[in-house]
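Q: Can you look at this prediction? I've put the sequence above it.
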Amino acid sequence: MFRVQEGPQGITAFMGKIPQDIIDRILDSIDIVEVVGGYVQLKRAGRNFKACCPFHNEKTASFIVSPDKQIYHCFGCGEGGNAIGFVMKYENMDFPEAVRMLAGKAGVEVPAYREADPKSASLAEQLYKINEIAAKFYQDVLNSEKGKKAVDYLKKRDVNSDTLNSFRLGYAPDAWEDLRKYCQSRKVPLDLLRKAGLSVPSDRGKADYDRFRKRLMFPIFDERGRIVAFGGRVLDDSLPKYINSPETPVYSKSGVLYGLNFSKKGVRDSGCAVIVEGYMDVIIPHQYGVTNIVATSGTALTQRQVKMLKKYTDTAVMVFDSDQAGEAASLRGLDILIENDMKVKIATLPEGEDPDSFVKSSGSKKFNDVVARAKGLFEYKLDIMIEKIGIRDIGGIVDEMLPTIFKISSAVMQSEYLKKLAERLGVHEASLRYEMTKVKPDYSYRYESEAQQSGKSANYRNSELHLLGLAMSDKHAYDRIQCELGFDKFRDKNVRKVMDAVTGFFDRGKSKVNTGQLLGRLEGDEDAKAAAIQAVAKADITQDVEKALKDCISCVLRENREEELKDLSLRLKKAQEANNDEAVTELVARINKIHKEKVA
């Protein structure tokens, strides 16, 4: 197994890790009701306890704490987890800090440091270390003769040496195998290099080749400053201009805000997060002293990104260039910030400017002045709509504005905005209030964005979640699902991850799953934790377990069958268009076979 040597930031080979048995002892020794009750006033509701959620504004209590399962869950905002997760969220702590705090309450001693066995290092730990090796390689190349062109480019872009080193910029050489050979010389297994997204298997059966070649390299950091991926930019006019690492076990584009690791203190101190689009739009302003700036890297904001920001501020200023300023779709996507009770403002730069160029030409003070003059989303969006479609198109403006107002949680603020909208459009406020009753919560864009950007299913299959919850609740249900369906039939990889963890409990001879401990084993994987919490909620309201098992197993089989037929039909269409008779014959046979099979 490879070992990472001392790096440029003093990263040691294998960091100490709190043993799982210590975490389990802590969770066994504390009562989540006491932990949460220390922060929130709980009231008994049957077997559980209820309160208004501390993580979003609500009038009707939807926050539940279960002493039986030792977990909490809010049916309003979806937050949930065990006692450690609650303390992390409420106190804005990282995992080790929360564990040590609760260990003190439980009287459990946590080792100050334990050297981990390299062979037991998790996949995530290994990928972080591989990314460190790659970053060091790219930095070394940048500082060599091969990197001269990239250095000249960075000088033209006004990037100084301190910034270059802070953001760990590098250069991928114009070679097919240099990184692979470099990593293999350091005993990095090829399969792990692939999993890190740094090498690509050759379709000709030859050795893997490097994904990034002849590109300026931007390491992408997570919130804690670990390198999780890379972005590569060409230095000429060739396309594509940028390529990013693919999705990996440690990288999801929807779960990263570029620069947050550098800017979170500035965001907290200033009281707002300035949101831009690209790498250089963070790097150059940061160099000039704008330290509360992050980038979405060209994607729409996601729930996970907004939740990260919420830990540091309740105000976001989106900086648009003149081309973006009037895009209704861009503005519509910002409603996700309002849903999470954040104040949203829009700042527009002069024509032809982006944050990078504006800060260089005008300085950070003028950039901060632009941010300070930012308009609220309601006012900005209304002005844009009136300018774009005209004040006479009242229906079109109302259709755009009411969904935004609907997502504001404060009834007082909703009323104020409806009054303003009525005044601007010259209509009766009562008519707007009536139209408001027709607006329905629209979460479709959220799921679409998450699925497209992360490759994951943010909207889990109900049938799979229900079966997962039943398996977590009862060993008999688990055995029946394994026998009649098989866990390989689950399409959602997050549901499969949780089911693997459930299997681990039963394989160790446990008669039931300790939900709090199970969530502890999923720490760091927010999508899997969310699936587990939703699954528990579904199982809790199940009246007839046997009927639910039968119906859900049938539903999974039917859904899988429909998906397979849809996939085969698309492939058949492509084969027909390509006049590939052999493939057409094979695909038709497979489709006919599926149609003949009976699904319960």
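A: On my side now, so go ahead.
Q: burial measure for Glu34, as a count.
A: 12 (other C-beta atoms under 10 Å). From N, CA and C alone the C-beta is placed, and that goes for glycine too.
Q: if I look at it, how far off is Arg100?
A: Going from Glu34 to Arg100 by C-beta to C-beta, to the nearest Å gives 18 Å.
Q: now swap in Gly289 and tell me
A: 35 Å.
Q: Same question for Gly266.
A: Note on Gly266: its distance to Arg100, by C-beta to C-beta, is 27 Å.
Q: okay, these two: which has more neighbours?
A: When neighbours are counted by other C-beta under 10 Å, Gly266 and Arg100 differ, and Gly266 comes out ahead with 20 against 15.
Q: Is it correct that that one falls within a strand?
A: No. With DSSP: H, G, I helix; E, B strand; the rest coil as the criterion, Gly266 is helix rather than part of a strand.
Q: if I pick it, what's in contact with it?
A: For Gly266, the contacting residues are 290-293, by C-beta atoms under 8 Å, 6 or more residues apart in numbering.
Q: Now do the phi/psi pair for the closest residue to Ser202 other than its chain neighbours.
A: Leaving aside its chain neighbours, Ser202 sits nearest to Tyr209 (6.0 Å; criterion: C-beta to C-beta, 6 or more residues apart in numbering). Here is the backbone geometry of Tyr209 (degrees, to the nearest 10): phi -120, psi 160.
Q: give me the number of residues near Pro96?
A: 13.
Q: Surely it is in contact with Ile18?
A: Yes. When contacts are counted by C-beta atoms under 8 Å, Pro96 is listed as touching Ile18 (6.3 Å).
Q: and the closest residue to Val159 other than its chain neighbours, what helix or strand is that in?
A: Counting by C-beta to C-beta, 6+ apart, Ile283 is the residue found nearest to Val159 once chain neighbours are left out, at 6.7 Å. Using DSSP states H and E, Ile283 falls within helix 280-287.
Q: Tell me which helix or strand comes right after that helix.
A: Using DSSP H and E, the helix or strand that follows helix 280-287 in sequence is strand 293-295.
Q: need the next SSE after that following strand, C-terminal direction.
A: Later in the chain than strand 293-295, the nearest helix or strand by DSSP H and E is helix 303-310.
Q: can you tell me which residue is nearest the centre of this protein?
A: What sits nearest the mean C-alpha location of the chain, by C-alpha atoms, centre = their mean, is Gly255, with 2.4 Å.
Q: Roughly how far does the nearest residue to that residue once chain neighbours are set aside sit from Leu102?
A: Nearest residue to Gly255, sequence neighbours excluded (C-beta to C-beta, 6+ apart): Arg304, at 4.4 Å. Separation of Arg304 from Leu102 (C-beta to C-beta): 25 Å.
Q: Settle it for me: which of the two has more neighbours?
A: Remark: of Arg304 and Leu102, Leu102 carries more neighbours, 22 against 19, as counted by other C-beta under 10 Å.
Q: What sits closest to that one if chain neighbours are left out?
A: Leu102 sits nearest to Ile26 (C-beta to C-beta, 6+ apart), 5.4 Å away.
Q: tell me the mean pLDDT for the helix or strand containing that neighbour?
A: Secondary structure from DSSP H and E places Ile26 in helix 20-29. Averaged over helix 20-29, pLDDT sits at 85.
Q: repeat for stretch 412-428
A: Stretch 412-428 comes out at a mean pLDDT of 89.
Q: Now it: buried residues?
A: Buried residues in stretch 412-428, counted by 16 or more other C-beta atoms under 10 Å: 414, 417-418, 420-422, 424-425.
Q: mind checking how far that stretch is from the chain centre?
A: Its chain's C-alpha centre and that of stretch 412-428 lie 35 Å apart, by C-alpha atoms, centre = their mean, to the nearest Å.
Q: Next, the residues that contact that stretch from outside, please.
A: 378, 382, 386, 391, 394, 397-398, 401, 405-406, 408, 429, 431-433, 436.
Q: Please repeat the previous calculation with a cut-off of 6 Å.
A: Residues outside stretch 412-428 that contact it (C-beta atoms under 6 Å, 6 or more residues apart in numbering) are 378, 394, 401, 405, 408, 429, 432.
Q: Can you list the low-confidence ranges for the chain?
A: Scanning the chain for pLDDT under 70 picks out 1-16, 112-121, 204-205, 298, 322-330, 440-459, 597-600.
Q: longest single helix anywhere in it?
A: helix 545-577 (DSSP state H).
Q: where does the nearest residue to Pro355 once chain neighbours are set aside sit relative to Ala135, distance-wise?
A: Using C-beta to C-beta, 6+ apart and skipping residues adjacent in sequence, the residue nearest Pro355 is Asp281, 4.1 Å away. Asp281 is 21 Å from Ala135, where distance means C-beta to C-beta.
Q: between those two, who's got more neighbours?
A: Asp281 (26 against 21).
Q: these two touch, right, the more buried one and Asp356?
A: Yes. Using C-beta atoms under 6 Å, Asp281 is in contact with Asp356, at 5.1 Å.
Q: tell me the domain boundaries of the chain?
A: Domain segmentation of the chain under automatic domain parsing yields 20-106, 118-252, 255-382, 462-577.
Q: Comparing those, which comes out most buried?
A: Most buried of those by mean neighbour count (mean count of other C-beta atoms under 10 Å) is domain 255-382; its value is a mean of 20.
Q: Do a quick rundown of the strands in the stretch 201-350 of the chain.
A: For the stretch 201-350 of the chain, applying DSSP state E, counting those that start in this stretch gives strands covering 209-210, 215-221, 227-233, 242-244, 273-276, 293-295, 315-320, 343-348.
Q: Indicate which one of the ones you listed is closest to Thr60.
A: strand 343-348 (23.7 Å; C-beta to C-beta).
Q: For that closest one, which strands pair with it and how are they oriented?
A: Sheet pairing for strand 343-348, assigned by DSSP bridges, gives strand 315-320 (parallel), strand 375-376 (antiparallel).
Q: what does stretch 576-584 contact?
A: The contact list for stretch 576-584 (C-beta under 6 Å, 6+ apart) reads Ala575.
Q: let's see 8 Å
A: Residues contacting stretch 576-584 (C-beta under 8 Å, 6+ apart): 571-572, 575.
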